[in-house]
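[1] Here is my input, please return the structure:
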Amino acid sequence: GLKALELLVIADPHPTTWASLAVQAGRRDDMYLLPVATQFECRGSRVASNRALQWGEQIVKPIFESKDDLEVIYLMAKKLGLADQMFKNINVEDNLPAAEDVLREMNRGSFSTGYCGQSPERLKSHMAHQADFDMLTQRATTGPNKGDYYGLPWPCWGKPEVKHPGTPLLYNTNLAVMDGGGCFRARFGVEREEKQPDGTTVKVSLLADGSYPKGSEIKDGYPEFTLAVLKKLGWDKDLTEAEMAVINKINPTTTDAVSWSTDLSGGIQRVALIHGCVPYGNAKARMKAFNLPDPIPVHREPIYTPRVELVSKYPTLPDAKQFRLPNTGFSVQKAAVERGVAKQFPLILSSGRLVEYEGGGEETRSNKWLAELQQTMFIEINPADAADRGIKDGGLVWVTGAENGSKAKVTALVTERVGRGVAWMPFHFGGWFAGQDLRANYPAGTDPIVLGESANTITTYGYDPATGMQEAKVTLCQITAA
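    Coordinates of the predicted model:
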């Protein structure tokens, strides 16, 4: 596939495994390695996994010909003729968009996710006054940010001047909304029809019953806020003339339909907040997800399972086309059972994270301090399974996968951390393929310090139809001494 591409462009601080694999596949032309700046060479906002933001300043200038991500996007837009529209609200100097303006544009376009109250000024103030924040509660106890949670974790409702503190924990009704509290979103309407065992249907409310964030003026469930809802409550009088002017401009023909998520004035969110309500409504938690393939979660055997006798009782979902993708997991599972794959590959294989490395490891394996800590790609195997196969701790082994004749040469870590019949690999390695070291395929001096086989050459087909996530965590393999 890499060889057949018309053009391959790799933009990264480090040449990635894709580059070495493309060379290995025989590619020589129409391949470009473009150096992109690291986070230390850029400035702007960054979002952590706890939904909080930080403002980062440039530590060093970009080295060599590296470009900031924002400059890359701008130059692409310029080449495609989109720059005038895409950056009409963003100041650009020497092809580099202003990071502050980029965040403000994101704020304007992200009312529906609560990514709207975190202005550059608020985040910079958090960075400048970190000592004011309590390490346990994450809340500022004094100073100009008093009451804010560090990094204004989204949802941070309304425009920045509303001063919503951010939401450290989702769905906490013990706190007022303006203290970071919240409830479940009324995303699926206010009621639905549900079929009864006798064949009749009844209407079931989807809104909360007697549950609401602390201090809410509405002591029950409520739908998503629109101008129509504000009018029904008499709260539309709280909107300013400027806010109404924006609302009228958004939908001149059906103004009442303008909602909390489309009102670019931020007024509908602001008014909901001053009455103690969450802009997206207050609904019940969905224990029955009626629009998902399995409304109530049921056990389904993995596509590649060692327990083939369970497939008939707990098959994977039927083949179907989701969005643009055909999901053929049922057919793949059926074929795997018919071919007796579980007999050829009797070990369950999973993959996961090491503390030393991040992601595919291109950057962290190029860091000499981290590379020293974890120098070898390995597979964990139970002592009983190792003994059955004549495998010794620290010895080289072949791991073969259930698809495409895949194989990987790694070091065995014999340990009781995995049970009998189970093996585990980290997913941070690359630069080897099917037992062959590809170090020579990197441009001189750009190869990572540590190379190793990629775990995902062994993982197999499958993805979750609800989220679109690929199946990279459970498959079958066989391990033999190399």
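
[2] the bottom helix or strand of this protein by mean pLDDT?
    Within the chain, confidence by mean pLDDT, DSSP states H and E is lowest for strand 320-322 among all helices and strands, at a mean of 86.

[3] contact partners of that strand?
    Residues outside strand 320-322 that contact it (Cβ atoms under 8 Å, 6 or more residues apart in numbering): 326-327, 465, 468. Just so you know, the C-beta spots here come from the backbone N, C-alpha and C atoms, and that holds for glycine as well.

[4] Pull out the buried members of these.
    327, 465 (16 or more other Cβ atoms under 10 Å).

[5] Among the contacts of strand 320-322, name the ones in strands.
    Of the contacts of strand 320-322, the ones assigned to strands by DSSP state E are 326-327.

[6] Now distance to residue 223 and pLDDT too, for the contacts of strand 320-322, in TSV please.
    Converted to TSV, the contacts of strand 320-322 look like this (distance: Cβ to Cβ, whole Å; pLDDT from 0 to 100):
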residue	distance to residue 223	pLDDT
326	36	90
327	33	91
465	28	83
468	28	82
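
[7] How is this structure divided into domains?
    36-168, 191-275, 342-481 (the TED database).

[8] Please produce a markdown table containing those domains, extended by distance to residue 28.
    Output for these, formatted as a markdown table (distance: least, Cβ to Cβ, whole Å):
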| stretch | distance to residue 28 |
| --- | --- |
| domain 36-168 | 22 |
| domain 191-275 | 50 |
| domain 342-481 | 11 |
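
[9] closest one to residue 27 among the ones you listed?
    Smallest distance to residue 27 across these (Cβ to Cβ): 10.0 Å, for domain 342-481.

[10] closest one to residue 18 among the domains of the chain?
    Taking the domains of the chain one by one with Cβ to Cβ, domain 342-481 is closest: 8.8 Å.

[11] what's the offset of that closest one from the middle of its chain?
    In terms of Cα atoms, centre = their mean, to the nearest Å, the centre of domain 342-481 is found 23 Å from the chain centre.

[12] just stretch 157-175 next, same as before
    That offset, for stretch 157-175, works out to 21 Å (Cα atoms, centre = their mean).

[13] Return the set of buried residues in that stretch.
    Neighbour counts over stretch 157-175 (16+ other Cβ under 10 Å) mark 157-160, 162-168, 172-173, 175 as buried.

[14] do stretch 27-35 as well
    In stretch 27-35, the ones that count as buried by 16+ other Cβ under 10 Å are 27, 31, 33, 35.

[15] repeat for stretch 207-220
    Quick answer for stretch 207-220 (16+ other Cβ under 10 Å): 207-208, 211-213, 216, 218.

[16] Then stretch 258-270?
    Under 16+ other Cβ under 10 Å, the buried positions of stretch 258-270 are 258-261, 263-270.

[17] and the gap between residue 288 and residue 201?
    Look at residue 288 and residue 201: by Cβ to Cβ, to the nearest Å, they are 15 Å apart.

[18] In contact with the spatially closest residue to residue 7 that is not a sequence neighbour, which residues are there?
    Leaving out its chain neighbours, the residue that sits closest to residue 7 by Cβ to Cβ, 6 or more residues apart in numbering is residue 30, at 5.0 Å. Residue 30 makes contact with 5-8, according to Cβ under 8 Å, 6+ apart.

[19] So residue 375 is in contact with residue 450, correct?
    Yes. If you go by Cβ atoms under 8 Å, residue 375 and residue 450 touch, sitting 5.6 Å apart.
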